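**Student:** Give me coordinates for this.
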Amino acid sequence: MIALFFGLQSVLYYSLLTWLPSIWQHAGFDAVTAGTLATIFQLFGLPLNMLTPTLAERKHGLTTVVLIAAGGFIIGLVGVLIGPSVFWIQALMAIIMGAGSGAAFSICIVFFQKKTQTALGTASLSGMAQSGGYILAAIGPVSFSWLAQVIAWPGVVTVCLGLSLLMGMIGLIIAKRPAMAA
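**Tutor:** Predicted coordinates:
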C-alpha cells in the first residue's frame, strides 16, 4: 500500500510539474506566466515538505497530513479545471497544489519509518516503495502526453483528480494500520 501511495504521489508530482505549464497555456496564459505558475507550484511544496514530520507526530497527525496532501492536489486541480484564467486565482491553486505535493512526498518518508519496527524493515520498505514509485513516475508524464492528445488537457486534469482521490483513500488506510512486523 505504501508503494502504491508513493507511486501515486510521484506520478502526480512529476506529471503536473511537466504538464502544468502546457495546461495553463491551454487555458489562455502566455508561456512566461505559465512557467511562473509552475515555479510557484514547486516553491510552495517546500514548507509542507519540512513541516510534515512535525505534524505527523501529533495525535491524528498521519491522517491530517494525508488529508492535506490529497486535499491540496484535489482543491488545486479543481481550481485549474474550472477556475477562471486569472493569474492570482491560478497562483492560489498552484500554492495549494504545491503544499499538497510537499506534504505527499514527506508523508511517504514518514510512513517508511512509522509503519516499520526495525531499521532493516524501514530500509526494505523504502527501497521497494521508491523503486516502484519512481517507475510509475517515469511513465506518468509520457502517458499524460498521450492522454492529452486523446482527451485534451481538461481530461488529463480530471484523471489527476481521480488519482489524487485514490492517493488520499490509500493514505488514510495506511495511516490507520499498525506498523508491520519485522
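
**Student:** any weak-confidence spans in this structure?
**Tutor:** 181-182 (pLDDT under 70).

**Student:** which helix in it runs the most residues?
**Tutor:** Longest helix in the chain, counting residues (DSSP state H): helix 119-176.

**Student:** That one - contacts with which helices or strands?
**Tutor:** helix 2-26, helix 61-82, helix 87-114 (3 or more CB pairs under 8 Å, 6 or more residues apart in numbering; DSSP states H and E). In short, each C-beta sits where N, CA and C put it, glycine included.

**Student:** any idea how far Gly100 lies from Gln130?
**Tutor:** Counting by CB to CB, to the nearest Å, the separation of Gly100 from Gln130 is 20 Å.

**Student:** for Ser15, same thing?
**Tutor:** Distance, Ser15 to Gln130, using CB to CB: 17 Å.

**Student:** From the neighbour counts alone, determine which of those two ranks first.
**Tutor:** The residue with more neighbours, out of Ser15 and Gln130, is Ser15; 24 against 18, by other CB atoms under 10 Å.

**Student:** what's that one in contact with, if anything?
**Tutor:** 137, 140-141, 143-144, 160 (CB atoms under 8 Å, 6 or more residues apart in numbering).

**Student:** Mind doing that once more with 6 Å?
**Tutor:** Taking CB atoms under 6 Å, 6 or more residues apart in numbering, we find Ser15 in contact with 140-141, 144.

**Student:** and the nearest residue to it once chain neighbours are set aside, how many neighbours?
**Tutor:** Nearest residue to Ser15 in three dimensions, chain neighbours excluded: Gly140, at 4.0 Å (CB to CB, 6 or more residues apart in numbering). Gly140: 24 surrounding residues under other CB under 10 Å.

**Student:** from memory Gly140 sits against Val11, does it?
**Tutor:** Yes - counting by CB atoms under 6 Å, Gly140 does reach Val11; the two are 3.8 Å apart.

**Student:** thinking again about what came up before, can you lay out the helices and strands packed on helix 119-176 as JSON lines showing distance to Leu120?
**Tutor:** Below are the helices and strands packed on helix 119-176 laid out as JSON lines (distance: least, CB to CB, whole Å):
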{"stretch": "helix 2-26", "distance to Leu120": "16"}
{"stretch": "helix 61-82", "distance to Leu120": "22"}
{"stretch": "helix 87-114", "distance to Leu120": "12"}
